[in-house]
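J.: sequence? don't have it. structure:
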């Protein structure tokens, strides 16, 4: 340490860093438990998504005559982006990755603001778009930590409706995909028109359709698209808690390091003070003799 | 006697999975009863009550639309929400019903009318099964 700060100053800094560390440590634990719950939610959703996908793709693959606007590409005049961000900060680079991907996309593909619109989940994304003057057509703020389908249903069905009404000709979704507790990947997926139904083997059963395929697609495809949005949200939430946990862990680690450094300088300063006192006493005694 | 494995699945996870003798649902085209060894079938459902029968016993599940997928030994009901009688929040359903009724009386707004009607239907559906 170059400058020997006073003992009391150092003591104060050590104490306050310790308190911060307690808070970040607690937040890490909270995020960890939220993350495992979010992971569980995401897993609970899988059977629904799988079954839905199976039926959708078996209909879409089996029939040549059944068509639906959601399956057909059309000329893209306006693109919709749905971004999933968090409401709070303290989540590391979680939000900035998503927003960067959004901005990159926009800069690459569009030259004017009439060519795209943004649907936002989460305050961070909303504030960002407002500040930059990006067109936001819908938003949800204050999404709970463990969202239910009802929380997102309105937004999802309105987003799908925008496509059906030809307000947008493509709908992309940008979110953080949860790989593991320490790894989340920004994912940019085209939601509508539904493109990747996966060339999976059509299930063995040839279905009867009641009343017919067109009308089933009418019900099925919006439900499918909405479920994809919900799935992305669950995935995003798990990533958010994971990111928050990682951020808090590194904050705790940094605090530990800082406390170590501060304690070292504190001890040095204390030792220097003692040495100085002894020198003074010895000097004083010598002067008396 | 063969039975049907019935699973009711929603985005929030499976609600129910068990074997039954017969399933009665209300499809868009009308009531439909499924017995084991039914031909594979896909049908959209109305907001309605699905009745699952086993040995003289009937379980009821409130279904908010969605659709059913039938295979010879298995029936899957995929709905955006579904509740068995003991999981219904009666208070909430009542509130939802009142809210929807109020919205329907307000004639100025035409866009939300369809949605309010659906909400009303879901609420009535839930109350019916909870009170039965």
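T.: Received, thanks. All values derive from a computational prediction rather than experimental measurement. Numbers count the residues shown, from 1 in each chain, chains lettered A, B, ... in the order given.

J.: What residues does chain B have near chain A?
T.: Near chain A, the residues belonging to chain B are B:7, B:9-14, B:27-29, B:32, B:39-44, B:65-67, B:69, B:71, B:76, B:78, B:80-81 when assessed by Cβ under 8 Å from any Cβ of the partner chain. Yep, even glycine has a C-beta here, placed from its N, CA and C like the rest.

J.: Please enumerate the strands of the chain.
T.: Just so you know, I chose chain A. A:79-84, A:116-121, A:136-140, A:170-180, A:183-192, A:208-209 (DSSP state E).

J.: please go with chain B instead
T.: Counting by DSSP E, the strands of chain B are B:4-10, B:13-20, B:22-27, B:30-34, B:41-44, B:47-54, B:57-64, B:67-71, B:74-78, B:82-84.

J.: quick one: which of those strands is nearest residue A:172?
T.: strand B:74-78 (25.2 Å; Cβ to Cβ).

J.: Now do that closest one, average pLDDT.
T.: Averaging pLDDT along strand B:74-78 yields 90.

J.: now it against strand B:4-10, angle please.
T.: Inter-element angle recorded for strand B:74-78 and strand B:4-10: 10 degrees (by axes from the mean of the first three to the mean of the last three Cα atoms, to 10 degrees).

J.: Touching strand B:74-78 from outside, list them.
T.: Outside of strand B:74-78, the residues within contact range by Cβ atoms under 8 Å, 6 or more residues apart in numbering or on different chains are A:48, A:51-52, A:55, A:223, B:4-10, B:23, B:25, B:34, B:45, B:50, B:61, B:63, B:66-70.

J.: Any buried residues in that strand, and which?
T.: Buried residues in strand B:74-78, defined by neighbour count with 16 or more other Cβ atoms under 10 Å in any protein chain shown: B:75-78.

J.: I'd like those residues laid out as JSON lines, including distance to residue A:138.
T.: Output for the buried residues of strand B:74-78, formatted as JSON lines (distance: Cβ to Cβ, whole Å):
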{"residue": "B:75", "distance to residue A:138": "36"}
{"residue": "B:76", "distance to residue A:138": "32"}
{"residue": "B:77", "distance to residue A:138": "30"}
{"residue": "B:78", "distance to residue A:138": "26"}
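
J.: residue boundaries of the helices in the stretch 1-150 of chain A?
T.: In the stretch 1-150 of chain A, the segments counted as helices under DSSP state H, counting those that start in this stretch are A:7-62, A:94-109, A:123-132, A:149-164.

J.: Quick one: closest of these to chain B.
T.: helix A:7-62 (3.1 Å; Cβ to the nearest Cβ).

J.: so how far is that closest one off the chain centroid?
T.: Its chain's C-alpha centre lies 10 Å from the corresponding centre of helix A:7-62 when counted by Cα atoms, centre = their mean, to the nearest Å.

J.: Next up, the contacts around residue 52.
T.: Looking at chain A here, since you left the chain open. Per Cβ under 8 Å, 6+ apart, neighbours of residue A:52: A:220, A:223-224, A:227, B:78.

J.: hm, I was asking about chain B
T.: So residue B:52 contacts B:6, B:16, B:18, B:20, B:22-23, B:58-61 (Cβ under 8 Å, 6+ apart).

J.: and residue 45, what is it in contact with?
T.: I went with chain A, as the question did not name one. Residue A:45 is in contact with A:227, A:230-231, A:234, B:11-13, counting by Cβ under 8 Å, 6+ apart.

J.: To clarify, I was referring to chain B.
T.: Contacts of residue B:45 (Cβ under 8 Å, 6+ apart): B:25-28, B:63, B:65-68, B:77, B:79.

J.: Pick the one among those closest to residue A:16.
T.: Of these, the one sitting nearest to residue A:16 (Cβ to Cβ) turns out to be residue B:79, at 53.3 Å.

J.: circling back to that earlier point, pick the one among the contacts of residue A:52 closest to residue A:121.
T.: For the contacts of residue A:52, the nearest to residue A:121 is residue A:227 (15.6 Å; Cβ to Cβ).

J.: Give me the neighbour count for residue 126.
T.: Because you didn't say which chain, this covers chain A. 19 (other Cβ atoms under 10 Å in any protein chain shown).

J.: wrong one, I was asking about chain B
T.: The burial count for residue B:126: 26, using other Cβ under 10 Å.

J.: can you check residue A:164 too?
T.: For residue A:164, using other Cβ under 10 Å, the count is 16.

J.: Near chain B, which residues of chain A are found?
T.: A:41, A:44-45, A:47-49, A:51-52, A:55, A:59, A:148-150, A:153, A:205-211, A:215-216, A:218-220, A:223, A:226-227, A:230-231.

J.: just to revisit the earlier point, among the contacts of residue B:45, filter down to the buried ones and hand me the ChimeraX syntax, if you would.
T.: The ChimeraX command for the buried members of those (criterion: 16+ other Cβ under 10 Å) is given here:
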select /B:25,26,27,28,63,65,66,67,68,77,79
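
J.: Quick one, which of the contacts of residue B:45 has the minimum pLDDT?
T.: residue B:65 (83).

J.: Phi, psi for that residue please.
T.: The phi/psi pair for residue B:65 (degrees, to the nearest 10) reads phi 70, psi -140.

J.: Pretty sure it sits against residue B:43.
T.: No - contact criterion Cβ atoms under 8 Å: residue B:65 and residue B:43 do not qualify, at 11.8 Å.

J.: Kindly give a single ChimeraX line that selects the buried subset of the contacts of strand B:74-78.
T.: Those of the contacts of strand B:74-78 that count as buried under 16+ other Cβ under 10 Å are selected in ChimeraX with:
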select /A:48,51,52,55,223 /B:4,6,7,8,9,10,23,25,34,45,50,61,63,66,67,68,69,70
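
J.: What residue, apart from its backbone neighbours, is nearest residue A:116 spatially?
T.: residue A:79 (4.7 Å; Cβ to Cβ, 6 or more residues apart in numbering or on different chains).

J.: what domains does the record give for chain B?
T.: Following automatic domain parsing, one gets these domains for chain B: B:4-85, B:89-131.

J.: Show me which of those domains has the highest average neighbour count.
T.: Compared across those, domain B:4-85 shows the largest average neighbour count, a mean of 19 (mean count of other Cβ atoms under 10 Å in any protein chain shown).

J.: Can I get the contacts of residue A:45 in CSV including distance to residue A:247 and pLDDT?
T.: Below are the contacts of residue A:45 laid out as CSV (distance: Cβ to Cβ, whole Å; pLDDT from 0 to 100):
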residue, distance to residue A:247, pLDDT
A:227, 30, 88
A:230, 26, 91
A:231, 24, 90
A:234, 20, 91
B:11, 29, 87
B:12, 28, 84
B:13, 29, 84
